[in-house]
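1. my questions concern the predicted model and sequence given below.
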Amino acid sequence: MSLAYLGLGSNLGDRRGNLRQAVELLAQVPGVVVRRRSSLYENPPVGYEAQPDFLNAVVEIETSLSPRALLEALQAIENRLGRERTIRWGPRTMDLDLLLFEGVRLDEEGLTLPHPRLCERAFVLVPLAELAPDWPLPDGRTAGQAAEEVKADADLRLQSQGSEW
Ligand code: X6L
Ligand code: MG
Ligand code: MG
């Protein structure tokens, strides 16, 4: 069994309901156990700004799946929650990103681990640091250090503290 961290985001429809449902579906995937979830954070869109604010969170799972099989399970959950791929970086009911997979570094078609843009994004680093502050990132910092450095200029509004969503 390997630990892995997943980034969740939603900015369409019932955002909190979508995140809850994603975790429920994740817990039903054979070979996946949901261990912990971060607080929920509301924050403005990054990358493409003309869209609603996001709710973001990170969950910790334990899994016997390979990174590739896990990625496929995540995409199936996105699709079940009505994900449509229209504009790049555009609005979505559910985005489930594979951020970190214990002991794995790889760079394949459609799957890079650790997640290539993990180190800069407050909406990923801050919730990740709640769960795994000592986790080493590819740039040499821990998740906790990286979160501290991006926190100050990030507009992250704590929406629901702790794991009670
Ligand atoms: C320059 C160019 C700087 C592009 C940043 C950052 C692009 C993030 C895409 C970027 C750039 C992304 C979420 C989001 C997206 C989310 C919030 C992305 C992919 N997903 N904003 N924007 N939460 N707050 O989950 O992350 S699109
Ligand atoms: Mg994403
Ligand atoms: Mg994604």
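-> It's in. These numbers were taken from a predicted model, which means no experiment stands behind them. Numbering: from 1, shown residues only. Ligands and ions are numbered 1, 2, ... in the order given.
2. can you give me the strands in the protein?
-> 2-10, 32-37, 40-43, 54-63, 95-101, 106-108, 111-113, 157-160 (DSSP state E).
3. and the residue at the greatest distance from the centre of the chain, how far from ligand 3?
-> Of all residues in the chain, Ala50 has its C-alpha farthest from the mean position, at 21.2 Å, by C-alpha atoms, centre = their mean. For Ala50, the distance to ligand 3 equals 19 Å [C-beta to the ion, to the nearest Å]. In this view, the C-beta of every residue, glycine as well, is placed from N, C-alpha and C.
4. Ala143 too?
-> Distance from Ala143 to ligand 3, by C-beta to the ion: 19 Å.
5. where's the nearest residue in space to Arg105 that is not next to it in sequence relative to ligand 3, distance?
-> Distance criterion C-beta to C-beta, 6 or more residues apart in numbering; nearest residue to Arg105, sequence neighbours excluded, is Leu113 at 6.0 Å. Applying C-beta to the ion, the value for Leu113 to ligand 3 is 13 Å.
6. for Pro44, see how far away the residue farthest from the centre of the chain is.
-> 11 Å (C-beta to C-beta, to the nearest Å).
7. any stretches of this protein with poor pLDDT?
-> Residue ranges of the chain with pLDDT under 70: none are present.
8. up against ligand 1, what does it have?
-> 9, 43, 45-47, 54, 56, 89, 95, 123 (C-beta under 6 Å from any ligand atom).
9. got JSON lines for those, with distance to Pro30 too?
-> As requested, the residues of the chain next to ligand 1 are arranged in JSON lines below (distance: C-beta to C-beta, whole Å):
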{"residue": "Gly9", "distance to Pro30": "25"}
{"residue": "Asn43", "distance to Pro30": "33"}
{"residue": "Pro45", "distance to Pro30": "34"}
{"residue": "Val46", "distance to Pro30": "34"}
{"residue": "Gly47", "distance to Pro30": "34"}
{"residue": "Phe54", "distance to Pro30": "29"}
{"residue": "Asn56", "distance to Pro30": "27"}
{"residue": "Trp89", "distance to Pro30": "32"}
{"residue": "Asp95", "distance to Pro30": "23"}
{"residue": "Phe123", "distance to Pro30": "29"}
